[in-house]
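3D, please:
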Amino acid sequence: MAKVTREMVKESGVNVDQLVELLVKNAAAELTTYYYYTILRFNLIGLEGEGIKEIAETARIEDRNHFEAIVPRIYELGGKLPDDMKEFHDMSACPPASLPGDPTDVTAILKVLVEAERCAVRGYTHICNLTAGKDHRTYDLAQAILNEEIEHESWFSEFLGEGPSGHFLRRGETSPFVSKFLK
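Numbering: from 1, shown residues only. Below you'll find the predicted structure:
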């Protein structure tokens, strides 16, 4: 734990225990989403599914990166991850992105993907609002993740016909906003 870091965040008016709890729940969401997106991606088959598979893979890898970037901040603030993986899964900030009843229904899979991203957008927006102007490091991290989650939502919502987003699939690069936290 970084004692002065925790002290400064607390002195700025942030409830550090609440923040750590939110970070742990969002870390759980990122890791479980990585797991569930693996299953969803494998079921994106056929003419419709193949066009979405690469985007789902990018979102999956970036969610893993989000987990890797959040964990150090949890420990810096005096928190820790649960010892029990089942407990960790169940405390996720977002519901499981489970495979729909009909695993061949690409639209249903897209709806699962977009709802998972929308949950993440809400969660990181909340963390940004709590830490803005108070906890600069956590804010910067949450904002970087939020930028990528917004892009993920945009990609999937376009496939659902919800309108153009102006975002493009990243070629050869993952986590352009979060990568600085992974070094």
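
can we go C-alpha only for contacts and neighbour counts from here?
Noted.

show me where this structure has its helices.
3-11, 16-42, 46-76, 85-90, 106-131, 136-159 (DSSP state H).

so which of the ones you listed comes closest to Pro176?
helix 136-159 (8.0 Å; C-alpha to C-alpha).

same list (the helices of the chain) but as a markdown table, adding distance to Arg171 and mean pLDDT.
Putting the helices of the chain into a markdown table (distance: least, C-alpha to C-alpha, whole Å; pLDDT from 0 to 100) gives the following:
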| stretch | distance to Arg171 | mean pLDDT |
| --- | --- | --- |
| helix 3-11 | 37 | 94 |
| helix 16-42 | 18 | 98 |
| helix 46-76 | 9 | 95 |
| helix 85-90 | 31 | 97 |
| helix 106-131 | 20 | 98 |
| helix 136-159 | 14 | 96 |
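
would you turn the ones you listed into TSV with distance to Pro176?
Listed next are the helices of the chain as TSV, based on distance: least, C-alpha to C-alpha, whole Å:
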stretch	distance to Pro176
helix 3-11	26
helix 16-42	17
helix 46-76	9
helix 85-90	27
helix 106-131	17
helix 136-159	8
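
so which of the ones you listed gets nearest Gly166?
helix 136-159 (8.3 Å).

now do that closest one against helix 106-131, angle only.
Comparing the axes of helix 136-159 and helix 106-131 via axes from the mean of the first three to the mean of the last three C-alpha atoms, to 10 degrees yields an angle of 160 degrees.

helix 136-159 packs against which elements?
helix 46-76, helix 106-131 (3 or more C-alpha pairs under 8 Å, 6 or more residues apart in numbering; DSSP states H and E).
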